[in-house]
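Participant: predicted model and sequence below, questions to follow.
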Amino acid sequence: MKIVLLCSTGLDAFHQEVLKPVMEDASMGIVGAYIDSRPRPSLKKRFLKNWKRGRGGYMLVMLVKSHLAQKKPSVSAVEFLCSKGIECVETQQPYSEESVAKIKHWSPDVMVLLGGFGIIKEPLLSLAPKGILSYHHGDMRKYRGQPVGFWELYNNESQMGVTVQRLSAGIDKGTPIVERVVPIERGDNVKKLCERAMDSSTSMMHEAIQLLGDLSFSPNKIQKFVRFPI
C-alpha cells in the first residue's frame, strides 16, 4: 500500500505515535509527504470572517477552542520524515497544477491527513484511489467539527466516539472506516477526556489502512447526520 502524508510543518507526539505502526508495517510504504506551509490565519481574522457570514455558532466554538487549546510540543515534519527516508515537499499552493502533479507522480493508493490543509476539496480528494483518511475525535453522527470532548461532557454523555474517516466534500461528512468508543469517567474534564481519546486512538490509522487494502472490506456510509450544536 503506497501512502502519501498530508501534514502541517510540525508533527506533535500524537502524530508521531500514529505513524509508528504504519512505518513498521512491511506491507505499507510512505512514498512522500506533502506539507502545507501556509501561515495560519489569526483567530481575529477567522472570527471576523465568520462574523460576516453570520455563523454565530461556529464563532462560539472557535472561542471555546481557543480557550481550551494548549500548545503541544512538536517536531519539524521535514526533519522527522526526511530522517526516515521519506521525500518531503513543502507548498503554500496545495491546489496548484505543480502540486497536484507531484502527488500524481507519487501514485499513492491512499493519503493520510495529519494536519494543515483546512477543508480538503477537489482535486486532492480524488488523487488517491482509496481516498484520504483523517481522524475525527467525536461521534460523527452527532458531534462534527467540535472541540474534542467538550459537547459530550456538556450534554452528560456516557461515552464519546473516535473515528478514522475517508474524507468527502464538507466538514466531517466522510465515511467511517474504523470507529471506537471512549467511556467518559466520573471526574473527567475536557483535558482528561481529550488525552484519553488521543492515547486510545493512535493505532486506528494503521488499522484503517489495513482494512482499505482488503478487497472484501466495504465501509458503511452514515445515513443521517445530526446538525449539533451549530
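Facilitator: Structure's in. What do you need?
Participant: and the helices in the chain, which stretches?
Facilitator: Using DSSP state H, the helices of the chain run over 13-24, 43-52, 56-68, 77-82, 97-106, 150-154, 190-199, 204-212.
Participant: mean pLDDT lowest where, among those?
Facilitator: The minimum mean pLDDT among those belongs to helix 56-68 (a mean of 57).
Participant: ok, now which ones touch Val75?
Facilitator: By C-beta atoms under 8 Å, 6 or more residues apart in numbering, the contact set of Val75 is Gly10, Leu11, Gln16. For glycine as for every other residue, the C-beta is placed from the backbone atoms N, C-alpha and C.
Participant: now a ChimeraX select for only the buried ones of those residues.
Facilitator: The ChimeraX command for the buried members of the contacts of Val75 (criterion: 16 or more other C-beta atoms under 10 Å) is given here:
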select :10,11
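Participant: possible to save the contacts of Val75 as TSV with distance to Gln92?
Facilitator: TSV is the format used below for these (distance: C-beta to C-beta, whole Å):
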residue	distance to Gln92
Gly10	16
Leu11	19
Gln16	24
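Participant: looking at the contacts of Val75, which one is closest to Gly118?
Facilitator: Gly10 (16.1 Å; C-beta to C-beta).
Participant: do you know how far the closest one is from Lys221?
Facilitator: Note on Gly10: its distance to Lys221, by C-beta to C-beta, to the nearest Å, is 33 Å.
Participant: what do you get for Ile30?
Facilitator: Counting by C-beta to C-beta - Ile30 and Lys221 are separated by 28 Å.
Participant: list the buried residues for stretch 186-199?
Facilitator: Residues of stretch 186-199 classed as buried by neighbour count (16+ other C-beta under 10 Å): Asp188, Val190, Leu193, Cys194, Arg196, Ala197, Met198.
Participant: my guess is the second one contacts Trp151. True?
Facilitator: No. Contact status for Val190 versus Trp151: not in contact, 10.0 Å apart, counting by C-beta atoms under 8 Å.
Participant: any common contacting residues for those two?
Facilitator: Counting by C-beta under 8 Å, 6+ apart, Val190 and Trp151 have no shared contacts at all.
Participant: what's the burial count for Gln93?
Facilitator: Counted with other C-beta atoms under 10 Å, the neighbours of Gln93 add up to 12.
Participant: hang on, it packs against Lys102?
Facilitator: No. Checked against C-beta under 8 Å, the pair Gln93 and Lys102 is beyond contact range at 11.3 Å.
Participant: give the residues shared as contacts by those two.
Facilitator: Shared contacts of Gln93 and Lys102, defined by C-beta under 8 Å, 6+ apart, are absent.
Participant: so Ile30 and Lys221 - more neighbours on which side?
Facilitator: More crowded of Ile30 and Lys221, by other C-beta under 10 Å: Ile30, with 21 against 10.
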